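>>> Okay, predicted coordinates and the sequence, questions at the end:
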2 protein chains.
Amino acid sequence: MKRKENAPTMKDVAREAGVALGTVSKVFNDIPVGEDYRRRVKEAARRLGYQVNSYARGLKTNKTYSAALILPDITTPFFSELAQAVCQALAARQYKTILSLTAFDPEAEQRCIQMVQQNKVDGIIGLTYNPNLKVDPDLPYVSIDRYFSPNVPCVASDNFGGGQLAAEKLLELGCARPLFLRIWSGVPGEPDKRWDGFESVWRRRGLDCTSLHLKDEEGFEPFRSFLSSHMDQGRLAFDGIFCVNDALAVRVRAMLEELGVRVPDDVQLIGFDGVRRFITEDFHCSTIVQPVLRLAETSVDLLLREDRSNLPSLVCLPVSYAPGGTTWE
Amino acid sequence: MKRKENAPTMKDVAREAGVALGTVSKVFNDIPVGEDYRRRVKEAARRLGYQVNSYARGLKTNKTYSAALILPDITTPFFSELAQAVCQALAARQYKTILSLTAFDPEAEQRCIQMVQQNKVDGIIGLTYNPNLKVDPDLPYVSIDRYFSPNVPCVASDNFGGGQLAAEKLLELGCARPLFLRIWSGVPGEPDKRWDGFESVWRRRGLDCTSLHLKDEEGFEPFRSFLSSHMDQGRLAFDGIFCVNDALAVRVRAMLEELGVRVPDDVQLIGFDGVRRFITEDFHCSTIVQPVLRLAETSVDLLLREDRSNLPSLVCLPVSYAPGGTTWE
DNA sequence: CTTGCAATATGAAACGTTACATATGCCGTG
DNA sequence: CACGGCATATGTAACGTTTCATATTGCAAG
């Protein structure tokens, strides 16, 4: 019942194969070695069930082939898709993913950084909210959705463009009284630009655009009363609503219908994110789709890029529009 | 622009503090050491920005404080909740989580096992489909939802009880013509018992119970024609349907309504899993709720338990019923 | 003022690798 | 036949820890 069944080491393999230690090392590092030697080593390793010890290797080489992924949460559909995509992109490059969840807590974020640094990861991909995270400047770091400084690459969707796209779509569908709806996260970030882009379109046309910031902790009551105060004889004062994300859009849709406002007939509704919902692949709301796979690919790409001298400080990836039943098209 | 800014080591700290190497080690392992020494070491470490090197420590101690979590996918709501819960349960015990995704591919599962073994994890929690996975018997392994052998602990919800519960609920609501609906995964596992439990209740009452196994690759057409052939003048031959999971239930609900069958008025529908949907906390179908948090807690508990001599081979956790609009209550 | 003992700090060896300087063998050439 | 040069295998010194046998210190007792 002993759990210390000492695993075979290179030394064992070397003895078994009758070759030198260094030769075994070469075989497992794909360094040219005589064909007969290589065979004997492989054979001996198979017999002994030898496996390279990553910890010894990591200690020696200072390279661990592991990266940390720091996220607030992975049950939110957008985050879960992102996590999956990043994990797969890393795996495709033979990297392990160390997953750290922060629950949106800035201190937890810092603790995670600390922990994965001790763990000698080769890099960190973080989606964080702590405005002054401290991270070893010598450790590759890629930030998603939050810009830190010129020498920390930030990868994000084209949030500004997405906001514009939503506005243009609503215009095209004949809307003239737009409402922008968001939940205030408390920390500035790239997603704020959704509003900037949205508003810029209306302003350019000389149209007014109302915006409402909900506070997460206050729930939906403020919104309900806001709506009531903007209704006149069952008619809503807005004919187009852009929500900062799909989760919000779905809830807004439910509340509107509850109030007797028909979607999309009375008001057109567009969300943001565009993750595949449930198992089924269709959308529950019209939305601006973030290119999740490309976000992940790009982040990993930047993280593992050998030449770190000319990294971009911000990469914006193009979004697209996907109708989903809450707009006429 | 050099990225090899050699991090300070214990030796550096020892020199800086004017103490021996071993003393520094003791300080960072909470081994009693003279108070003045301890202070000097702490101080020196702070000045140098010293951090323990987990790889050196892991090599020496053969303990890495990391565990692997092997899952098919984390975008599926149930898996994403499970992953989150496991990750958090591990973090609460100071363990890192190495996340490996397999996409339901048995060979990928084996490769993941291989990889995390090389990586000297302290244990593996796996939700896998490969019936003959090979894993080092000396490495703690906990299986979720799939029973392997008496000495590999398996953690699962009480699937049999859940099936019974669903049946009893339908009975209670007056159903007498039940249908069980599942997607055939191709590999036997604990979730199969949902059917066993469900059926046992009807049989005991002398009632017949129909069951239909959909094949994932065939889509929903077979189901649609099955339904049509079981309808008589717009009336469905069943008054209660139990789906093997919520994702299926949600799709079935949509199809039923499309066919003019009202839920829950014409037929009552119960799913299985009970994960929190979207951001909003309400359910889109009545369901048997799996205790995700307890599944995770229990798995981690078994994985890290010191005394591995008397591990249970199967732990069943109690499920509960949650109405969600697709039943009368 | 010794001596002995307990308490505590010290430093070398080892963990399983990689990398490099050295040793070995082989072959062609003078 | 001896020698230089090349290719390839060898073995040792790190990497940054922990651990344990040993050295040092302080203090009480003889």
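Looks like it arrived, so ask away.
>>> going forward, measure contacts between C-alpha atoms and count neighbours the same way
Will do.
>>> what's the burial count for the closest residue to DNA strand C within the stretch 101-250 of chain A?
Using C-alpha to the nearest atom of the strand, the single residue of the stretch 101-250 of chain A nearest to DNA strand C is residue A:120, 14.6 Å away. Counted by other C-alpha atoms under 10 Å in any protein chain shown, the residues lying close to residue A:120 total 22.
>>> what's near enough to touch it?
The neighbours of residue A:120, taking C-alpha atoms under 8 Å, 6 or more residues apart in numbering or on different chains as the test, are A:62-64, B:53-55.
>>> run the last query once more with 10 Å
A:58-59, A:62-68, A:139, B:52-55 (C-alpha atoms under 10 Å, 6 or more residues apart in numbering or on different chains).
>>> can you pull the pLDDT of the closest residue to residue A:158 other than its chain neighbours?
Spatial nearest neighbour of residue A:158, chain neighbours left out: residue A:316 (4.8 Å); criterion: C-alpha to C-alpha, 6 or more residues apart in numbering or on different chains. Note on residue A:316: pLDDT of 97.
>>> In this structure residue A:316 contacts residue A:191, no?
No: the criterion here is C-alpha atoms under 10 Å, and residue A:316 misses it with residue A:191 at 11.4 Å.
>>> Which of the two has more residues huddled nearby?
residue A:191 (21 against 16).
>>> Remind me what the strand or helix carrying the residue nearest to residue A:158 packs against, helices and strands.
In this structure, residue A:316 sits in strand A:314-317 according to DSSP states H and E. With contacts taken as 3 or more C-alpha pairs under 10 Å, 6 or more residues apart in numbering or on different chains; DSSP states H and E, strand A:314-317 sits against strand A:141-144, strand A:154-157, helix A:159-172, helix A:292-304.
>>> is it possible to export these to a markdown table including mean pLDDT?
Formatted as a markdown table, the helices and strands packed on strand A:314-317 follow (pLDDT from 0 to 100):
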| stretch | mean pLDDT |
| --- | --- |
| strand A:141-144 | 98 |
| strand A:154-157 | 97 |
| helix A:159-172 | 98 |
| helix A:292-304 | 98 |
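>>> Export those to CSV and append columns for distance to DNA strand C and mean neighbour count.
Shown next, in CSV, are the helices and strands packed on strand A:314-317 (distance: least, C-alpha to the nearest atom of the strand, whole Å; neighbours: other C-alpha atoms under 10 Å in any protein chain shown):
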stretch, distance to DNA strand C, mean neighbour count
strand A:141-144, 23, 25
strand A:154-157, 31, 26
helix A:159-172, 43, 22
helix A:292-304, 18, 21
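>>> so which of these comes closest to residue A:30?
Ranking the helices and strands packed on strand A:314-317 by proximity to residue A:30 (C-alpha to C-alpha) places helix A:292-304 first, at 21.2 Å.
>>> So is that closest one next to chain B?
No: remark: helix A:292-304 sits outside contact range of chain B, by C-alpha under 10 Å from any C-alpha of the partner chain, the gap being at least 12.3 Å.
>>> For the closest residue to residue A:297 other than its chain neighbours, which residues are in contact?
Sequence neighbours aside, residue A:89 is the residue nearest to residue A:297 in space, at 5.9 Å (criterion: C-alpha to C-alpha, 6+ apart). By C-alpha under 10 Å, 6+ apart, the contact set of residue A:89 is A:83, A:95, A:97, A:293-294, A:296-301.
>>> What separation is there between residue A:89 and DNA strand D?
29 Å (C-alpha to the nearest atom of the strand, to the nearest Å).
>>> State the helix or strand in which the closest residue to chain B within chain A lies.
At 4.6 Å from chain B, residue A:98 is the closest residue in chain A, using C-alpha to the nearest C-alpha. Using DSSP H and E, residue A:98 falls within strand A:96-101.
>>> Mind giving me the packing neighbours of that strand?
Strand A:96-101 sits against strand A:66-71, helix A:77-92, helix A:106-118, strand A:123-126, strand B:66-71, helix B:77-92, strand B:96-101, helix B:106-118, with contacts defined as 3+ C-alpha pairs under 10 Å, 6+ apart.
>>> Take these and lay them out in CSV including distance to residue A:307 and mean pLDDT.
What follows is the helices and strands packed on strand A:96-101, written out as CSV (distance: least, C-alpha to C-alpha, whole Å; pLDDT from 0 to 100):
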stretch, distance to residue A:307, mean pLDDT
strand A:66-71, 18, 98
helix A:77-92, 18, 96
helix A:106-118, 21, 96
strand A:123-126, 14, 98
strand B:66-71, 30, 98
helix B:77-92, 33, 96
strand B:96-101, 27, 98
helix B:106-118, 27, 96
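>>> need the helices and strands packed on strand A:314-317 in JSON lines with distance to DNA strand D, can you?
JSON lines is the format used below for these (distance: least, C-alpha to the nearest atom of the strand, whole Å):
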{"stretch": "strand A:141-144", "distance to DNA strand D": "21"}
{"stretch": "strand A:154-157", "distance to DNA strand D": "30"}
{"stretch": "helix A:159-172", "distance to DNA strand D": "42"}
{"stretch": "helix A:292-304", "distance to DNA strand D": "22"}
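>>> Done for today, thanks.
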